[in-house]
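[1] below are the sequence and a predicted model; questions follow.
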Amino acid sequence: MTNPNNATISTVHTAEFTSGHALQIPTLRILQDDGSIYPGAEVPQLDQATALKMYDSMQFIRILDERMLAAQRQGRISFYMQCLGEEAATVGSAAALDDKDMIMAQYREQGALRYRGFSLEQFMNQLFSNEKDLGKGRQMPVHYGSKDIYYMTISSPLGTQIPQASGYAYAQKLRGLKNTTICYFGEGAASEGDFHAGLNMAAVHKAPVIFFCRNNGYAISTPANEQFKGDGIACRGVGYGMKAIRVDGADILAVYKATQMARDYALEHEEPILIESIAYRLGAHSSSDDPSGYRSKEEEELWRKNDPISRFRLWLVKQGWLNEDEDKTKSDALRQEILDALKVAEKVAKPGIEHLMSDVYETPIPLLNEQLEELKAHIRKYPDAYPVTAGRFE
Amino acid sequence: MTNPNNATISTVHTAEFTSGHALQIPTLRILQDDGSIYPGAEVPQLDQATALKMYDSMQFIRILDERMLAAQRQGRISFYMQCLGEEAATVGSAAALDDKDMIMAQYREQGALRYRGFSLEQFMNQLFSNEKDLGKGRQMPVHYGSKDIYYMTISSPLGTQIPQASGYAYAQKLRGLKNTTICYFGEGAASEGDFHAGLNMAAVHKAPVIFFCRNNGYAISTPANEQFKGDGIACRGVGYGMKAIRVDGADILAVYKATQMARDYALEHEEPILIESIAYRLGAHSSSDDPSGYRSKEEEELWRKNDPISRFRLWLVKQGWLNEDEDKTKSDALRQEILDALKVAEKVAKPGIEHLMSDVYETPIPLLNEQLEELKAHIRKYPDAYPVTAGRFE
Amino acid sequence: MAKMNMLQAINNALDLAMAKDDGVVCFGEDVGHFGGVFRATSKLQEKYGKARCFNTPLTEQGIAGFANGMAAQGMKPVAEIQFADYIFPAFDQIVNETAKFRYRSGNEFNVGGLVFRTPYGGGIAGGHYHSQSPEAYFAHTPGLKIVVPRDPAQAKGLLLAAINCPDPVIFFEPKKLYRASVGEVSEEYYEIPLGKAEVLQQGKDVTVLAWGAQMEIIQKAVDMAQAEGISCEVIDLRSIQPWDVDTVAESVMKTGRLVINHEAPLTGGFAAEIASTIQKKCFLHLESPIERVCGLDIPYPLALEKEYVPDHLKTYEAIKRSVNF
Amino acid sequence: MAKMNMLQAINNALDLAMAKDDGVVCFGEDVGHFGGVFRATSKLQEKYGKARCFNTPLTEQGIAGFANGMAAQGMKPVAEIQFADYIFPAFDQIVNETAKFRYRSGNEFNVGGLVFRTPYGGGIAGGHYHSQSPEAYFAHTPGLKIVVPRDPAQAKGLLLAAINCPDPVIFFEPKKLYRASVGEVSEEYYEIPLGKAEVLQQGKDVTVLAWGAQMEIIQKAVDMAQAEGISCEVIDLRSIQPWDVDTVAESVMKTGRLVINHEAPLTGGFAAEIASTIQKKCFLHLESPIERVCGLDIPYPLALEKEYVPDHLKTYEAIKRSVNF
Ligand SMILES: Cc1ncc(C[n+]2csc(CCOP(=O)(O)OP(=O)(O)O)c2C)c(N)n1
Ligand SMILES: Cc1ncc(C[n+]2csc(CCOP(=O)(O)OP(=O)(O)O)c2C)c(N)n1
Ligand SMILES: [Mg+2]
Ligand SMILES: [Mg+2]
């Protein structure tokens, strides 16, 4: 008989349920907490320069996060989100990609962004929504994006980037590009309908996209066990006929290895791959959040020991690729650089009033020109009420 | 270490993908094409009266579908959808339920509706959108519904009933009712975001709902292999930590057995269950469709042999519960009854003009009353243009 | 009477509703133990148990679908959408399902009792994904009721009326007032009827109308105008759907002028509906064109939010334009 | 020139666009081999291959998200939503993503070139899930362009312009005219500019305005009115966003009267925006209230469709009311 249902046709005569946990996917771990390699594990091919770039990116983000959260507390920026605990997941995966692979992230992936070369000034300009911000000061802090480095501008609505990544990767394939798209999202965002749509469409249309789920245990206050009852996110792969792998997201070697494999496979077979990173969101959800309302200090402490950066540092030192003293000096210098850059960025002017109206359409429609003229006339009348823009236009 | 990620924490040190087809779920079959039972299979407990009610419901629907499709061809009704090939799936599952279990269907489940006792007149009144239609003539043909028999009114937008079923079942649980909800949908509708949302929420909130996917190979012209790449729909169960089972949807005993088990389990454990029925949409998608544009006659012929009704008939005869001659007489009589009922229903008036405005809100808002009065005045002025309503209001 | 801010008033309303009727169930993202990211459902899980106040998975379409199902069963779900900007994944469930549930079934089934609560509007440096005012999208959808309170006492009375309403209601909460707006609120159960506007101030030269958070903005403008001798009638619409045409029309018959203010973009905003209806009902009484003071036709900006918003100065100018036409 | 019905004209436009630019890709439910349930994409898969014309899984939010991604990469996806009634699951992807893509990124990324095609409107005994006209929901969303053709020649020229437009476009196709509307269409590539209304008939007593399938309705009403000596100016808006304010205002300055017709429910429909804008721009020229002849504020009914629709008789009555005010 033909099989139009697209389902296995093997027969059984006794009624029995398949368990909701019939598939258990193990977690790939390569690097131990003390910087040594697990017995039986193999270190992925990684040259010193790349390894150090990875390390530097993680350190950069760790220190930037610390500084900018403080800046938020001081009221210098309005909002901030840390990557704390997930630096290896975001940097390790980005490092396994080609520079022209598109990155479509959720918001907590500044590690990937830094690895791609987003400069300190660019970070600052976005965070202060000043006129040098690539995004023209239009989005809340941490909504970075840059065409030059193939990093799609972050969008707050969760999950929307997932089917978009499928479409982007499909277009790459159609163009004959030898590039993939990586799509990051949280285990919370994986509950959105867009997740289902995006993964299924990528599988059906054979789009070379790497779905990278950061399962960090929480979606704001909601723990993963109130988010889903399945065994993590990786097991959903079979639902889409998609290969999947689970990695320790605090183990940069495991993340690097898995992503490299995924990229190779995706390009060679024109197929999507699902990676689940298991780590822990060590910080608060955002500067507006206080995790003490929903989880214990003990739990946090337990996970703090699982620090992705120290592990990698120990490994690099063991390799003889990193000197701890030099590293310390470098970090201190970085702290100062960040402070300096912050002071510069916060003094840069806000975008000019014409950027209220630009980019809604490629060319402003007549109504927008009219509204802009009216607004300017109004501001001229009440300059004190609009100090940011008043007097800055002809 | 605590496990806030809600995922298995077993470790592996070699990077390997889990296959997209790692889980293969067999199909439960009990009844063979010739009406005998598969060796090793067990017939579910089923008394003669129930078995005959099941058979009668299937026959009723088969004949109704045939007649009403013809009526559509004659231009007597505007639209029709057959259940052809899926009578066992819909009747067998409905028969395994309690009469007060809620049924939330897609549109092709007239078998379940009939089993619940929807009368020939009720079918006809809906199909002719006349003033006796429970739905007040507001929806296209086959959008049945009846509060009395716990059959939720059909809604055309696909997949929307899925999270609704989860909420309905959750409410049943909260109310302390010992009832489940069954939610039918096609393998096409299972691609909608609402599918993902509905199944996940039911699993997380432990709603006693039976998700019954009719995988019939096609969504209009789209074959299942352009709908998903996974192994059918049942394997998605693990993604939600939900028990699942696959059944031959043309085998009424297998469907009955699986649904009975699912109902018991759902109520006892307060958990959802996913059932996938494998059958074939033997007819066109709807009266607007012509399958010759997308599938071969040969494929259709192959599956026509898999007829769910003849199999069950043969079994009933073997049981000594059915006499083929009497059955034939009964079918002929039914054909006549249907024709008679059709002739009655098509002469019943359309709903009155007040039903344009009723039920938008529980009580019409002032604007609607105003619009109704204006409309009546207008119709009084041009009675010829509105023959259905003109002259029928005070 | 007690002093409450708007969040406390909403929390108090939910508490009373849950105590009164065990069909009332509150849920949404982070709504359970944590009490919601704005804490509107604080302590409700503690008090009424996890079954009646809980976190949902992160899926607005799921939340809305689940709520539709619960309401169809006869319960009274009060579902929170964390920000009104994130109500759009639920748009199909709300516009095609919630709104049409009773009609399409010929009243066999309905989702009366269902309330969607959602914080809307700007003023919190949220940019275009934490500031939207999407009421007009829903106002074009027969079958829904839409309510926007302006202060704590209203929030409580309107929310209780919404939960008790036989029709589904979308309840937009002005998030910038959550803590900023404080007032005396009765601790008793009380309802404020839906569909009725409130005339806050009598006047004779011009009618100035808004709802929710914009009420304090127009009040400021009105005060400026009054200082110059312009007598303003001030109306809080309170309900967007159904809206109180009679009260507005009566006022405009008297003043001959109308200024409408809302935060959503001008084009296709609800002011358009009001202006169209009123120009027809009051044609011969209108002394000047109806003025709309609204958001610009752009996504809600961040750095230049002040320039975007229909503030008191723009409203004041419109009042003057209207009066001096 | 060739005789084409509207489906053939659309098919021809897609064919030309795909031949001209291999970035143009057509997809949607049943769009591939079968050519769409209305057959608008007939033969395109055969001609351009499965990679450029294909079936998608049954998920509108997925289709829209996929289209956004393709367009962001620089291709020109033409995505079909099988019925406009089913565009709502894609609402978030369209309203929060498509519309804001360029703005939020400061023009780092954009989805220009993206077109959503979708059949809208009644007249096919489809009830409320196969008859909706949702243009107003989108018109309230800065960043989108919205177009509605009235006949085959327009459908082709406007669709080609939409595909070539640097902004995302929603292209609403009047399904009841798919086969019913037949006309001469050039076989060449041509575009009709977006954002420009067309004055179909000059007149001096009253301006009568509509778009898409309602054009033939208002023409019928206008003919009745002309027979009684009422001189009507007839305008086809063609683009809902941006809409051609100047052309409409100029006409109303001349006639002093305006009647607007659309099939969607009255409240919050796009006629409200037009009426509000025009009452302001043309205040001193208006001789009578602007009339809106629209759908009732109910879900689109089935058995009583005739009673619901803003037909020629209701339009004719409105024209007379407007002129005899
Ligand atoms: C559609 C939508 N709904 C709700 C929100 C509000 N929100 C922002 S982040 C967040 C939690 C996301 O959790 P997860 O996906 O696990 O990512 P994580 O923060 O853990 O990295 C929520 C609910 C949103 N941004 N978009
Ligand atoms: C949201 C939505 N999108 C599209 C449609 C149009 N449509 C009606 S039935 C159908 C195919 C459904 O296929 P499936 O779910 O497999 O059910 P089957 O017809 O095979 O029983 C489609 C695309 C719809 N009704 N709703
Ligand atoms: Mg998370
Ligand atoms: Mg199917």
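    Received, thanks. Ligands and ions are numbered 1, 2, ... in the order given.

[2] so how far is A:Asn216 from whatever residue of the stretch 101-250 of chain A ends up closest to ligand 1?
    At 2.1 Å from ligand 1, A:Gly186 is the closest residue in the stretch 101-250 of chain A, using C-beta to the nearest ligand atom. Where C-beta positions appear, they are placed from N, C-alpha and C, glycine not excepted. Per C-beta to C-beta, to the nearest Å, A:Gly186 is found 7 Å from A:Asn216.

[3] re earlier: for the residue of the stretch 101-250 of chain A closest to ligand 1, which non-adjacent residue is spatially closest?
    Spatial nearest neighbour of A:Gly186, excluding adjacent residues (C-beta to C-beta, 6 or more residues apart in numbering or on different chains): A:Arg214 at 5.4 Å.

[4] contacts only, for that neighbour.
    By C-beta atoms under 8 Å, 6 or more residues apart in numbering or on different chains, A:Arg214 lies in contact with A:Glu86, A:Ala89, A:Thr90, A:Gln106, A:Arg108, A:Tyr184, A:Phe185, A:Gly186, A:Glu187, A:Gly249, A:Ser277, A:Ala279.

[5] looks to me like it is in a helix.
    No: per DSSP: H, G, I helix; E, B strand; the rest coil, A:Arg214 lies outside any helix segment and is strand.

[6] what bridges to it?
    As for beta bridges, A:Arg214 partners with A:Gly186, A:Ser277 under DSSP bridges.

[7] element containing the single nearest residue of chain C relative to ligand 2?
    At 7.2 Å from ligand 2, C:Asp92 is the closest residue in chain C, using C-beta to the nearest ligand atom. Here C:Asp92, judged by DSSP states H and E, is contained in helix C:91-92.

[8] around chain B, which positions in the stretch 101-250 of chain C sit nearby?
    C:102-110, C:112, C:142-143, C:145, C:166-167, C:195, C:242, C:245-246 (C-beta under 8 Å from any C-beta of the partner chain).

[9] one more time with 7 Å, if that's ok
    With C-beta under 7 Å from any C-beta of the partner chain as the criterion, the stretch 101-250 of chain C meets chain B at residues C:102-109, C:112, C:142-143, C:166-167, C:195, C:242.

[10] mind checking which of the residues you listed are buried?
    The neighbour count (16 or more other C-beta atoms under 10 Å in any protein chain shown) marks C:102-109, C:112, C:142-143, C:167, C:195, C:242 as buried among those.

[11] now, the most widely separated pair of those residues?
    Pairwise distances across these (C-beta to C-beta) peak at 25.5 Å, for the pair C:Glu108 and C:Gly195.

[12] and A:Pro272, what is it in contact with?
    When contacts are counted by C-beta atoms under 7 Å, 6 or more residues apart in numbering or on different chains, A:Pro272 is found next to A:Leu199, A:Ala202, A:Ala203, A:Ala207, A:Pro208, A:Val209, A:Phe211, A:Met242, A:Ala266.

[13] which residues of the stretch 101-250 of chain A lie near ligand 3?
    A:Gly186, A:Glu187, A:Gly188, A:Asn216, A:Ala219 (C-beta under 5 Å from the ion).

[14] in this structure the second one contacts A:Gly230, no?
    Going back to what we said before, that points to A:Glu187. No: A:Glu187 is beyond contact range of A:Gly230, at 10.6 Å (criterion: C-beta atoms under 7 Å).

[15] what's the pLDDT at the most centrally placed residue in chain C?
    Nearest to the geometric centre of chain C sits C:Val148, at 1.9 Å (C-alpha atoms, centre = their mean). Per-residue confidence (pLDDT) for C:Val148: 98.

[16] and A:Asp359, how many neighbours?
    Other residues within reach of A:Asp359, judged by other C-beta atoms under 10 Å in any protein chain shown, total 24.

[17] C:Lys314 versus that one, what's the distance?
    In this view, A:Asp359 and C:Lys314 are 23 Å apart by C-beta to C-beta.

[18] scan chain A for its longest helix.
    Using DSSP state H, we find that the single longest helix of chain A is helix A:48-73.

[19] who does the next helix-or-strand element following it touch, helix- and strand-wise?
    Counting by DSSP H and E, the next helix or strand C-terminal to helix A:48-73 is helix A:87-95. Helix A:87-95 is packed against helix A:48-73, helix A:110-116, helix A:252-269, helix A:308-319, with contacts defined by 3 or more C-beta pairs under 7 Å, 6 or more residues apart in numbering or on different chains; DSSP states H and E.
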